[in-house]
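**Student:** Build me a model from this:
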Amino acid sequence: MMKFKSAILSLLITFSAINVFAQKVDVDKLLKQALHETNITNNYPKAIALAKRGLEISPNYTDIRLLLGRLYKLTDQPDSAKMEFNKVLAKEPANKDAISYLKNLENYEYEKKIASLSNRVSVTYNPTFFEKEGKETWNLLSVYYARLTKYGTILGRINYANRSYADGLQYELEAYPKHKNAYSFINLAYSNAAIFQKYRVAYSYIRSFNNGWEGELGVRFQYKNSGLMSYGGSVGKYLGSFWLNGRVFLTPDDGMVSQSYALTARYYTNTADDYFTAMIATGISPDDRVRNFAFAERLHTNSFRVSLGYQQLIGRRNILGILGTFNREEYVVGKKENEYDFAINFQHRF
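**Tutor:** The predicted structure is shown next:
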């Protein structure tokens, strides 16, 4: 009798082992299929179904639970992803993958929250110093509020300028409406102060192309004592962490055509808000805020300038930027002077 009971017990153990092995094989197969749907076909709903089926068979299978957590993150279900990672940590508190995935998920949620912030305020102070003795410093202070909408960004800006002979305010309304694979730049400005253009209207159409290329076509109109129209365009290219852009403006006046050229390079160090920038340019540009008040007077004089700057994201919500510019300007025909700009900008998103 004892021999019979032992035989039965051995048989049950054998069948149990075979069943467990079969389940393990089935779960491994489900894991492999789920990984294929995740990484190869990107069929996340099917991968989730396979992972859930595997956990029904083997609830303590760590690799499948981690995969399910990743899939929940990929399908924008952060709460479900957290729950799966925490289930792993409840059984294996030192599991490095679960700890890493949970930390990345928390960072992802924070980044998503920051990206959804739709308000921004900015303050920029830009003094201009002169090599010429006795010439007083120019001061330009700008503040703006911007609002991000599903149709694009719109902002209002107020500029205060102080020169040795006068000061005054300029008011701007700016917008960046979105289009398919493109966006527009629209700017309207008004001032009744002598140190600004009375009216300014600007428009550009910027389009993205394949392989990191982008192009822009635009016009600028400004009126002080008379109206001037400028026509321009640019070509840009992303090369890894670099962005290169060449820009030209042509302004017809008195039977001549004034020309402005600029080459800009940026090197991104982390996010789109972290970069070094450098620019080399000739001629006066209608987009030059510091010298725009004297656009007509400097239109046919020679100038050469070099700029270097850096911008850094601070604390995810704040941006601090600095820009230095050396400008060799022909203020009257045959006479030149050196001008030095230093701009500092602070932005806050909320």
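
**Student:** Now the nearest residue to G232 once chain neighbours are set aside: which helix or strand?
**Tutor:** Take G232 and drop its neighbours on the chain: the residue closest to it by C-beta to C-beta, 6 or more residues apart in numbering is F249, 3.9 Å away. In short, each C-beta sits where N, CA and C put it, glycine included. F249 belongs to strand 242-253 when assigned by DSSP states H and E.

**Student:** Other residues contacting that strand?
**Tutor:** 216, 220, 228-237, 257-268, 275, 283, 285-287, 296, 299-300 (C-beta atoms under 8 Å, 6 or more residues apart in numbering).

**Student:** quick check: mean pLDDT across it?
**Tutor:** In this model, strand 242-253 carries a mean pLDDT of 97.

**Student:** Break down the stretch 1-150 of the chain into its strands, ranges please.
**Tutor:** In the stretch 1-150 of the chain, the strands defined using DSSP state E, counting those that start in this stretch lie at 119-130, 138-149.

**Student:** Which of the contacts of strand 242-253 fall in strands?
**Tutor:** 216, 220, 228-237, 257-268, 275 (DSSP state E).

**Student:** Whichever of these end up buried, select them in ChimeraX.
**Tutor:** Of these, the buried ones go into a single ChimeraX selection, burial set by 16 or more other C-beta atoms under 10 Å:
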select :216,220,228,230,232,233,234,236,258,260,262,264,266,268,275
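
**Student:** Show me the shaky parts of the stretch 51-200 of the chain.
**Tutor:** For the stretch 51-200 of the chain, applying pLDDT under 70 flags the ranges 110-111, 114-115.

**Student:** Which residue ranges of it form helices?
**Tutor:** Assigned by DSSP state H, counting those that start in this stretch, the stretch 51-200 of the chain shows helices spanning 62-74, 78-91, 96-115.

**Student:** Tabulate the ones you listed (a markdown table), appending mean neighbour count.
**Tutor:** Shown next, in a markdown table, are the helices of the stretch 51-200 of the chain (neighbours: other C-beta atoms under 10 Å):
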| stretch | mean neighbour count |
| --- | --- |
| helix 62-74 | 21 |
| helix 78-91 | 16 |
| helix 96-115 | 14 |
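
**Student:** what's the residue closest to the geometric middle of the chain?
**Tutor:** Residue closest to the average C-alpha location in the chain (C-alpha atoms, centre = their mean): A272, at 3.5 Å.

**Student:** Let's see the pLDDT reported for it.
**Tutor:** In this model, A272 carries a pLDDT of 87.

**Student:** Over to it. Which of the three states is it?
**Tutor:** coil (DSSP: H, G, I helix; E, B strand; the rest coil).

**Student:** per-domain residue ranges of the protein.
**Tutor:** Per automatic domain parsing, the domain ranges recorded for the chain read 2-114, 118-349.

**Student:** show me the contacts for the residue lying closest to N187 once chain neighbours are set aside.
**Tutor:** Excluding the flanking residues, the one nearest N187 by C-beta to C-beta, 6+ apart is A202, at 4.0 Å. If you count contacts by C-beta under 8 Å, 6+ apart, A202 has them with F185, I186, N187, L188, G218, V219, R220, F221, P286, D287.

**Student:** Most neighbours among the residues you listed, please name it.
**Tutor:** P286 (24 neighbours; other C-beta atoms under 10 Å).

**Student:** and that residue, what does it touch?
**Tutor:** Counting by C-beta under 8 Å, 6+ apart, P286 has contacts A202, R220, Q222, L228, S230, G232, F249, T251, S260, N292, F295.

**Student:** again with R70
**Tutor:** Contact analysis of R70 by C-beta under 8 Å, 6+ apart lists T38, A81, Y101.

**Student:** if you set the cut-off to 7 Å instead, what comes out?
**Tutor:** Y101 (C-beta atoms under 7 Å, 6 or more residues apart in numbering).

**Student:** what's the answer for L313, then?
**Tutor:** T271, D273, D274, I319.

**Student:** Thought S118 was touching F350, still the case?
**Tutor:** No. F350 lies out of contact with S118 (C-beta atoms under 7 Å); the separation is 8.8 Å.

**Student:** of these two, who's got more company?
**Tutor:** S118 (13 against 8).

**Student:** ok, now how distant is the residue nearest to the more buried one when sequence neighbours are not counted from D63?
**Tutor:** Nearest non-adjacent residue to S118, counting by C-beta to C-beta, 6+ apart: L148, 4.2 Å away. Look at L148 and D63: by C-beta to C-beta, to the nearest Å, they are 41 Å apart.

**Student:** what's next to stretch 209-223, contact-wise?
**Tutor:** 197-208, 227-239, 286, 295.

**Student:** again, only this time at 6 Å
**Tutor:** 197-208, 228-238, 286 (C-beta atoms under 6 Å, 6 or more residues apart in numbering).

**Student:** repeat for stretch 149-169
**Tutor:** For stretch 149-169, using C-beta under 6 Å, 6+ apart, the contacting residues are 136, 138-147, 170-178, 193-195.

**Student:** Ok, stretch 95-109 next?
**Tutor:** With C-beta under 6 Å, 6+ apart as the criterion, stretch 95-109 contacts L66, G69, K73, P78, A81, F85, V88, L89.
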